[in-house]
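A.B. asks: What would the 3D arrangement of this be:
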Amino acid sequence: MSNQTLVLDTHLRSPSISTFTHNERVGYLMNYGVHPMAFSTMQPDMEYFDIPGVGYIAYARYWGMQFVLSDPICDNKHTEMMLDRFVQRFPNAIFAQVTKNVVDILHRKHGFYGTQFGSESKIPLADWNLRGSKKQIIRTAINQAKAQGVEIKEGPFDKQTKKISESWIKTRKCKNNEIRFLIHPMLMDYKEGTRYFYAYQNGEAVGFVFFDPIYRDGKLVAYVPNISRACASFKQGLWYPMMVHAMEIFKAEGVEYMDMGLIPLMLADEIEEQESKPLRLIQSKIYAWGNSLYNFKGLGFAKSRFQGEIVKTYVCHRNMLPSIAMVAMFRLTRLI
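C.D. replies: Numbering: from 1, shown residues only. Prediction:
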């Protein structure tokens with residue numbers, strides 16, 4: 001895939017419907033950014049649909065289409081009004097990684113389909129622990145890391161980060177498929193509240209996990225891992241101890257929960273009435289046979305070991321089978 005195709009169609013853009021200053025947008029984020037992708041709405045190349053005094057909807061353009069990321073960043077009482085106004089302006093937009101609340105509004109009022117796109121896992125931290133047979137793999141990874149002299153520390157951004165990332169890329173099945181849009185870039189201008197955790201061996205950084213903050217009513221309530229990497233010699237083994245170390249610190253700080261983030265295409269068995277059956281079938285086939293493109297199953301297995309509460313996440317679309325739009329979204333996100 002060429003780099004040119006990853007540009008968010010700058011030549012097709014109309015003027016952005018954006019009125020907020022950067023500080024105003026941050027204010028809305030810190031008051032209403034409870035969706036796990038809320039922080040990612042601050043990534044480069046996003047456009048905004050702003051309603052002063054209410055909030056904003058973040059979206060990207062690709063192949064001439066609008067792809068919304070996250071629920072609207074606003075008070076829940078304004079969500080329906082914001083969606084109504086946005087759909088009036090962009091009647092054929094695609095809404096990616098949204099909650100059931102958004103699905104219900106778009107389906108009931110605008111006739112959209114709301115099809116499960118994947119799953120998220122939420123872990124209440126107050127009572128979380130490492131007990132249980134399904135967590136044995138986590139305990140084993142922690143013991144192995146200790147035996148190898150690995151030490152986990154929180155700290156500022158480490159200069160070894162790029163080197164670790166390049167080493168990690170070499171372990172991927174498809175070395176160009178680093179997710180975009182659904183995961184914001186490792187480095188971006190806005191990073192307030194981001195937490196950096198590194199694994200060190202013999203004084204050298206060999207792995208990292210970066211966490212984005214999640215807010216509710218102006219308070220920090222959770223974190224979500226945005227990006228993680230480890231040197232090729234460690235592969236997945238470092239992710240478990242780094243996650244546990246961060247969770248223990250967050251728990252001690254009184255953080256309410258950890259959102260483990262998106263598991264793309266991990267779908268429930270039942271199909272809801274507003275879902276597109278043809279699209280569900282296609283997604284199931286990609287999940288079953290597309291591991292050569294992206295490690296869907298490995299990601300799902302690793303996150304499932306933490307035994308969190310599974311929450312569905314959806315994509316909303318106007319047509320029953322939005323073939324071109326879904327191909328565009330998968331290309332935009334680099335899932336294929």
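A.B. asks: In this structure, what residue spans correspond to helices?
C.D. replies: Here the chain has its helices, by DSSP state H, at 22-32, 79-89, 100-110, 136-147, 161-169, 239-252, 277-289, 296-304, 323-333.
A.B. asks: hey, least reliable of those helices by pLDDT?
C.D. replies: The minimum mean pLDDT among the helices of the chain belongs to helix 161-169 (a mean of 79).
A.B. asks: Can you mark which positions in that one are buried?
C.D. replies: The neighbour-count check on helix 161-169 (16 or more other Cβ atoms under 10 Å) flags Thr161, Ile164, Ser165, Ser167, Trp168 as buried. The C-beta positions use only the backbone N, C-alpha and C, and glycine is treated the same way.
A.B. asks: who's in contact with the last one?
C.D. replies: Taking Cβ atoms under 8 Å, 6 or more residues apart in numbering as the criterion, Trp168 is in contact with Arg229, Ala230, Cys231, Ala232.
A.B. asks: separation between the residue nearest to Pro264 when sequence neighbours are not counted and Arg180?
C.D. replies: Nearest residue to Pro264, sequence neighbours excluded (Cβ to Cβ, 6 or more residues apart in numbering): Gly118, at 4.5 Å. In this view, Gly118 and Arg180 are 16 Å apart by Cβ to Cβ, to the nearest Å.
A.B. asks: Could you do His245 as well?
C.D. replies: 28 Å.
A.B. asks: The stretch 1-150 of the chain: strands as residue ranges?
C.D. replies: Assigned by DSSP state E, counting those that start in this stretch, the strands in the stretch 1-150 of the chain fall at 47-51, 55-62, 65-74, 94-98, 113-124, 150-154.
A.B. asks: Identify whichever of those strands lies nearest to Asn291.
C.D. replies: For the strands of the stretch 1-150 of the chain, the distance to Asn291 is smallest for strand 113-124, at 14.9 Å, taking Cβ to Cβ.
A.B. asks: Please point out which parts of stretch 315-331 sit buried.
C.D. replies: Buried, per 16+ other Cβ under 10 Å, within stretch 315-331: Val315, Cys316, His317, Arg318, Leu321, Pro322, Ala325, Met326, Ala328, Met329, Phe330, Arg331.
A.B. asks: Closest one to Leu279 out of the residues you listed, please.
C.D. replies: The closest of the buried residues of stretch 315-331, once distances to Leu279 are taken by Cβ to Cβ, is Leu321, at 5.9 Å.
A.B. asks: pretty sure the closest one contacts Lys277?
C.D. replies: No: under the criterion of Cβ atoms under 8 Å, Leu321 makes no contact with Lys277, lying 9.3 Å away.
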